[in-house]
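A.B. asks: What shape does this take:
(chains A and B)
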Amino acid sequence: MEQNKKMAELLLPAVNKKPQYYEELYPQRKLPDGARVTRIAPSPTGYLHLGTLFAALINRITAASTGGVFYTRIEDTDKKREIEGGIADIIGGLLRFGITADEGFVEENRQAGEYGPYRQSQRAEIYQTYAKELIERGLAYPCFCTAGELDEVRKIQEKNKIRTGYHGEWAKHRNITYEEAKALINSGKPYVIRLKSPGSEQNTVVFEDCIKGKIEMPENDEDFVILKSDGIPTYHFAHAVDDHLMRTTHVLRGDEWISSVPKHLQLFKLLGFRPPKYGHIAPIMKLENGAKRKISKRKDPEAAVHFFAEQGYDSECVTEYLMTVASSDFEDWRRANPDKPYGEFKFNLKKMSVSGALFDRDKLDSVSKTVVSTFDSSAVFKKLTSWAEEFDPDFGKILTANPEYTRRVLSIDRDVSKPRKDIAKWSDAKDYFSYFFETLYKPDLTLPENISRGDAKLFLQKYQAAYDPSDDRTAWFEKIKSIAPKLGFAEETREYRANPDKYKGHAGDLSTVLRTAVTGRRNTPDLCEIMRVLGYDTCIARIGEAINSL
RNA sequence: GGCCCGGUGGUCAAGAGGCCUAAGACACCGCCCUUUCACGGCGGUAACACGAGUUCGAAUCUCGUCCGGGUCACCA
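C.D. replies: Numbering: from 1, shown residues only, chains lettered A, B, ... in the order given. This is a model prediction of the structure:
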């Protein structure tokens, strides 16, 4: 007993607080029954990853739908792997995609909340306080093994087909005495603090995962590291201490963590903490050479959330898509509630998929088109121009050169009862609207096969003479129809279908000729409206050019 | 390799022993609507990994095989 206290003093002399101090500093939260406290705890070792966004969304909505708290915590305990600007990218990215935190890193550079600091590198003393207590209780000890020694042990274990790791009789320093430790420290040897695991592989731990259901695993018997040689905790230890002190009720994280649950449960028990509920989220996968694999930051552009921003996927579209992946009944709910924000959806972790879903770009685009179709033209103007200014400045200049004109362009077939679903992401817009802007206009004047050049030319000449920009939709089409019989075309599509041999085509074919002449393409939204927006002069000029090229 | 988890159409999935002749969505195809395209409507192609059990009855329960994924650090 005395030995343990001496050992603790030897290893962590600077720590003078007791766990009780922190227990009082961070009291139980006063929340309504059933309220869940969740968090996302990213590590700034890379840019915001799709999986992180996905997990954040699930945590956010779980807290929101129960009247709980969602907070962000930065897990920067590995300073070797940390990258410049990582925190800003991750927090900024979450914000950009509509994930706001109640507490923690509420902005890139601002922490808020009573349970902080929310950055692990600022919490060293807290972890050490709990580690020191563990040492005093004989539940943790210093280990002086070098990486090389550990490696050698592992090789022996592998060779003899023994389970690898620092456990049982392989735990070299498990029973180190105060004197031995002191001598090694005095000789300048670095050391880590390991948990003295009381577990046995023979025992089974059972826990109920909120997503995957009942899971059984062998108890942890590994004397894993809790404090690294620099005095900073490992993930496992920081998780136990932080989620306890921050009063997290539900830890919803990627399922790569599932195999360390026995470690975590053991830590909570030994520290006298009540463990949180765990929910392990299946990763988003990607198909490569016929094989599924976890989407990877290094290989897949779409793994970095930045990709979606660059492509111009609106944040709502991405979250909407992610919700369909997250919950099998979300789409049904959406059909019943087309206008509600996704936050009102009654999210149920049980409805989550147990195994990883493939990232489906087609589905994203489809969901996205539907979402974009609900935006009115002024929203589109705002979103499109701000996207363009950031990611395609030349296009941005074109769009903002004449805002009134651009607004009219964007409102075509938009502020109507059945808006078109043509645009999935803002980067689609440049080509889609290109014929409205002279600098982008690249006409393709190829005619439909059933129209001869002569007929096309004749038609355009007649139309050019008759064109009246003040015609409404009906009058506009009547004009085309009235020219049709003169060229041997049927006025009505139905009439043409009934007697295809009597005609060269129908009025619709002629409108395609006009469409081609005016927009340089065969397929567009309502041509009459387009011509009105383009204006008389442009239309006449383009028709004239088309006539000349025929 | 050990330990976990999982296999329903091309993709996401509903499904909790009889309601399954297996829903829906995306993609694909056809038809209708239609000034083109898109939207919308209608229809179509397409699946319970395999093998044994249990049971009157299995996509659903059990076991095995195969396949896929995750994890075995002083990384998170």
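A.B. asks: so where's the stretch 451-550 of chain A uncertain?
C.D. replies: Filtered on pLDDT under 70, the stretch 451-550 of chain A yields no residues whatsoever.
A.B. asks: near RNA strand B, which residues of it show up?
C.D. replies: Residues of the stretch 451-550 of chain A lying close to RNA strand B (CB under 7 Å from any atom of the strand) are A:473, A:477, A:493, A:507-508, A:511-512, A:515, A:522-528. In short, each C-beta sits where N, CA and C put it, glycine included.
A.B. asks: among those residues, which two are most distant?
C.D. replies: A:Arg473 and A:Arg522 (20.0 Å; CB to CB).
A.B. asks: For A:Ala303, the count of nearby residues, please.
C.D. replies: Neighbours of A:Ala303 under the rule other CB atoms under 10 Å: 23.
A.B. asks: Please list all residues in contact with it.
C.D. replies: Residues counted as contacts of A:Ala303 (CB atoms under 8 Å, 6 or more residues apart in numbering) are A:His49, A:Leu50, A:Gly51, A:Lys286, A:Ile295, A:Ser296, A:Lys297.
A.B. asks: how much space between the residue sitting furthest away from the middle of chain A and RNA strand B?
C.D. replies: Within chain A, the residue lying farthest from the chain centre (CA atoms, centre = their mean) is A:Lys486, at 58.3 Å. Counting by CB to the nearest atom of the strand, to the nearest Å, the separation of A:Lys486 from RNA strand B is 17 Å.
A.B. asks: Relative to A:Gln20, how far out is that residue?
C.D. replies: According to CB to CB, to the nearest Å, A:Lys486 and A:Gln20 sit 97 Å apart.
A.B. asks: Over to A:Ala183?
C.D. replies: As judged by CB to CB, A:Ala183 and A:Gln20 stand 33 Å apart.
A.B. asks: do the same with A:Gly454
C.D. replies: According to CB to CB, A:Gly454 and A:Gln20 sit 96 Å apart.
A.B. asks: In helices only, show me the residues of the stretch 451-550 of chain A next to RNA strand B.
C.D. replies: A:Arg473, A:Phe477, A:Thr493, A:Ala507, A:Gly508, A:Ser511, A:Thr512, A:Arg515, A:Leu527, A:Cys528 (DSSP state H).
A.B. asks: which sections of the stretch 251-400 of chain A are below the confidence cut-off?
C.D. replies: Counting by pLDDT under 70, the stretch 251-400 of chain A contains low-confidence residues at A:287-291, A:298, A:301-302.
A.B. asks: Just the buried residues out of the ones in helices among the residues of the stretch 451-550 of chain A next to RNA strand B, in ChimeraX syntax.
C.D. replies: Here is the ChimeraX command that selects the buried residues among those (16 or more other CB atoms under 10 Å):
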select /A:477,507,508,511,512,515,527,528
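A.B. asks: count of neighbours near the spatially closest residue to A:Met217 that is not a sequence neighbour?
C.D. replies: Nearest residue to A:Met217, sequence neighbours excluded (CB to CB, 6 or more residues apart in numbering): A:Pro262, at 5.3 Å. When neighbours are defined as other CB under 10 Å, A:Pro262 has 23 of them.
A.B. asks: May I have the helix or strand hosting A:Pro262 exported as PDB, CA atoms only?
C.D. replies: Using DSSP states H and E, A:Pro262 sits within helix A:261-271. What follows is helix A:261-271, C-alpha atoms only, in PDB (Å, rounded to 0.1, in the frame of the first residue of the first chain):
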ATOM      1  CA  VAL A 261     -14.800  -1.700 -25.900                       C
ATOM      2  CA  PRO A 262     -13.600  -4.300 -23.300                       C
ATOM      3  CA  LYS A 263     -10.700  -2.000 -22.600                       C
ATOM      4  CA  HIS A 264     -13.000   0.900 -22.100                       C
ATOM      5  CA  LEU A 265     -15.500  -0.900 -20.000                       C
ATOM      6  CA  GLN A 266     -12.700  -2.100 -17.800                       C
ATOM      7  CA  LEU A 267     -11.300   1.400 -17.400                       C
ATOM      8  CA  PHE A 268     -14.700   2.800 -16.500                       C
ATOM      9  CA  LYS A 269     -15.100   0.100 -13.900                       C
ATOM     10  CA  LEU A 270     -11.700   0.500 -12.400                       C
ATOM     11  CA  LEU A 271     -12.100   4.300 -12.200                       C
END
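A.B. asks: Show me what that helix is packed against.
C.D. replies: Under the contact definition 3 or more CB pairs under 8 Å, 6 or more residues apart in numbering; DSSP states H and E, helix A:261-271 sits against helix A:124-136, strand A:192-195, strand A:204-209, strand A:213-218, helix A:235-245.
A.B. asks: Between the ones you listed, which one is closest to A:Asn402.
C.D. replies: The stretch from these with the least distance to A:Asn402 (CB to CB) is helix A:235-245; that distance is 53.8 Å.
A.B. asks: Can you verify A:Ile91 is assigned to a helix?
C.D. replies: Yes. With DSSP: H, G, I helix; E, B strand; the rest coil as the criterion, A:Ile91 is located in a helix.
A.B. asks: can you pull the pLDDT of it?
C.D. replies: Reading off the per-residue confidence, A:Ile91 sits at a pLDDT of 94.
A.B. asks: Spit out the contact partners of it.
C.D. replies: By CB under 8 Å, 6+ apart, the residues touching A:Ile91 are A:Thr72, A:Phe105, A:Glu107, A:Glu108.
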